[in-house]
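Visitor: compute the structure for the input listed below.
(chains A and B)
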Amino acid sequence: MTTPPAQIQEAIVELRGVNKWFDAFHVLRDIDLTVGRGEKVVVCGPSGSGKSTMIRCINRLEEHQEGDIIVDGTALVADMRAIEEIRRRVGMVFQSFNLFPHLSVIENLTLGPILVNEMPQDEAEAEAMSLLKRVRIPDQAWKYPGQLSGGQQQRVAIARALMLKPKVMLFDEPTSALDPEMINEVLDVMIELADDGMTMICVTHEMGFARKVADLVVFMDDGEIVEAAAPEPFFDQPENERTKLFLSQILH
Amino acid sequence: MTVANTISRAEVGASPRRPPPAQESGAVHWLKKNLFSSPFNTAMTLLALWALFVTLPDVIAWAFLDAIWRTDDPAACRAAAGACWAVITEKHRVILFGTFPYEEHWRGTLAIVAIVGMAIISAFKRFWSAWLFGAWLAAIGIVLVLLLGGVFGLTPTGTHQWGGLPLTLLMFVGTVVGGMPAAVLLALGRRSSLPAIKALCVGFIEVVRGVPLITVLFMASLMFPLFMPEGMTIDKFLRAQIGMILFFAAYAAEIVRGGLQAIPRGQYEAADALGLSYRQKTGRIILPQALKIVLPALMNDIIRAFKNTTFVSIIGLFDVLGATATALEDPRWVLYAQEAYIFIFVLYFAFCYSMSKYSEHIERDLSKGRNL
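Guide: Modelled structure (predicted):
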């Protein structure tokens, strides 16, 4: 658990009474979640529980039908301007990396700032190199994503998301598509990011990571939030039977 | 911890890395492997050799040994047993430039050089950019100046005087340069979430794909003027060009759509998550990947567009094939249509085969390296 910053606590992401349906199927039911600035929330749950859908609603990759989502003071409404504005403040890392295969690593990084913030190219490249150093792959800058390992690609994806200086980072199962020996190199980068004070919402089953960095662990099942607690009580004394069952299945 | 009665075991350790075992090579090996690998293959090889043995001497004698290469007198050809290639040396100006004024043929030659030169430049991947498209527009502008005249002291020559290879090449290039952007817009429109735009694009594509090219050209040349206000006419070449563009665009749009569909959802989502606008996402992320995927199929359509230019002779424009037919109306040379059409065959084959080979090359080139 990281120590809360000294400044006044404020919410940066708020979901209030969020409901969503895929056709007739009710995927998100009455989701209420508040994330404080600089805090880290880990979301876990069985597949199909709605956890990915929930964080994808936060930057409008999915549209919710009921309830309010407020990001950094701006409400998510069906207005393309507001949506693009929020997307610039929210970085996202995907399970399948989703790097742009036709662009080199450094172009993947600089594309966003150059197009979105009209940053000059040399400035964007300098920024990109410093971020690539931070994720420990500056020597891969001129390669193409297809030439990198999964772990390296995911670190590039994290750097790409950081290029726009987001206020919140969303991680959608960032290590699930990785070979086991590459999981830690990605988690290490995420832990450093957490230590630097980034607000993070992370869907993951890496319980060691959750214990180490989370301020709040949220367990979802069947479209609802079943349990939410700080890591220690969550892992040591889960209250709900479904949480206990889930933890027994993934913790062995 | 050995279990008493298992027979499973493994040897630990290996020799150092070494090169692969040597492979048989050489001419004899190649012959054996490719021509005489089985009794059936051996029989087919012998049969083919026999067929060549029977026909080849006659073909060589007709095309080369007994041929007349150069004469201005058809009687010399009639006396000879071989091909009369003299019809081409005599008539090449008409075949290549149609009814374009004789003393202005240098302008047609420059137009051919400009278009072929641009095509060669475009073949190099390092020149691929928005600039190349601009360069093509500029090249077309220069070709139009050369062919139309009327400026820089050039004698004005109307489109009704155009003909031959410059007309074929300009019609072809105009079709591709005008048709590709239209195809991309149609393909994007067909996937649009706006119902009106989608319906319009689907309707256009299906209607144009549903009729033969000749119909489109007849519509453009005969029907279209009927709908124009009194006194207003659109040039026949331009009408045919628009017809060719629409026809090409409808087919190419479906190919581009295939490429758009092949792009994984994650690419759209990653672009969205960065806050890119629709235009930025489409122009920088989606289209470059989609067009690379469908390039071989597009090349196929482009080659077809080249051959389709021959249809314009039906509505009275003299492309290189139409101009050849005109050249052969000369009664002195009418007997030697065969030789003239063999020349046209070789000409078309040279253009189409080089595009086809290029398409093969670029397909190999794009499929390696970058994980596309």
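
Visitor: CA only for contacts and neighbour counts going forward, please
Guide: Fine.

Visitor: start to end distance for stretch A:42-57?
Guide: 16 Å (CA to CA, to the nearest Å).

Visitor: so where do the strands sit in the stretch 151-252 of chain A?
Guide: Assigned by DSSP state E, counting those that start in this stretch, the stretch 151-252 of chain A shows strands spanning A:168-172, A:199-203, A:216-221, A:224-229.

Visitor: ok, and what's touching the second one?
Guide: Strand A:199-203 is contacted from outside by A:36-44, A:51-52, A:55, A:167-174, A:194, using CA atoms under 8 Å, 6 or more residues apart in numbering or on different chains.

Visitor: could you flag which of these are buried?
Guide: Those of these that meet the buried threshold are A:36-44, A:51-52, A:55, A:167-174, A:194, by 16 or more other CA atoms under 10 Å in any protein chain shown.

Visitor: could you report the neighbour count for the residue lying closest to B:Phe204 once chain neighbours are set aside?
Guide: Take B:Phe204 and drop its neighbours on the chain: the residue closest to it by CA to CA, 6 or more residues apart in numbering or on different chains is B:Ala250, 7.4 Å away. Applying other CA atoms under 10 Å in any protein chain shown, we find 25 residues neighbouring B:Ala250.

Visitor: can you give me the domain assignment for chain B?
Guide: Following automatic domain parsing, one gets these domains for chain B: B:29-53, B:83-367.

Visitor: tell me which of these lies nearest to A:Phe234.
Guide: Nearest of the domains of chain B to A:Phe234, taken as CA to CA: domain B:83-367 at 31.0 Å.

Visitor: show the average pLDDT along that closest one.
Guide: Average pLDDT, domain B:83-367: 88.

Visitor: near chain B, which residues of the stretch 101-250 of chain A show up?
Guide: Contact residues (CA under 8 Å from any CA of the partner chain) of the stretch 101-250 of chain A with chain B: A:101-102, A:112, A:115-116, A:144-147, A:161, A:164.

Visitor: ranking by neighbours, what's the top pick from these?
Guide: Among those, A:Pro145 has the most neighbours (other CA under 10 Å), with 28 neighbours.

Visitor: which residue, neighbours along the chain excluded, lies closest to that one?
Guide: Closest residue to A:Pro145 apart from its sequence neighbours, by CA to CA, 6+ apart: A:Pro101 at 5.6 Å.

Visitor: closest to B:Ala270 out of the strands of the stretch 151-252 of chain A?
Guide: Nearest to B:Ala270, of all the strands of the stretch 151-252 of chain A, is strand A:168-172, at 12.1 Å by CA to CA.

Visitor: so which elements touch that closest one?
Guide: When contacts are defined as 3 or more CA pairs under 8 Å, 6 or more residues apart in numbering or on different chains; DSSP states H and E, strand A:168-172 sits against helix A:51-58, strand A:90-93, strand A:199-203.

Visitor: winner for burial among those?
Guide: strand A:90-93 (a mean of 27; mean count of other CA atoms under 10 Å in any protein chain shown).

Visitor: rounded mean pLDDT for it, please.
Guide: Rounded mean pLDDT across strand A:90-93 is 96.
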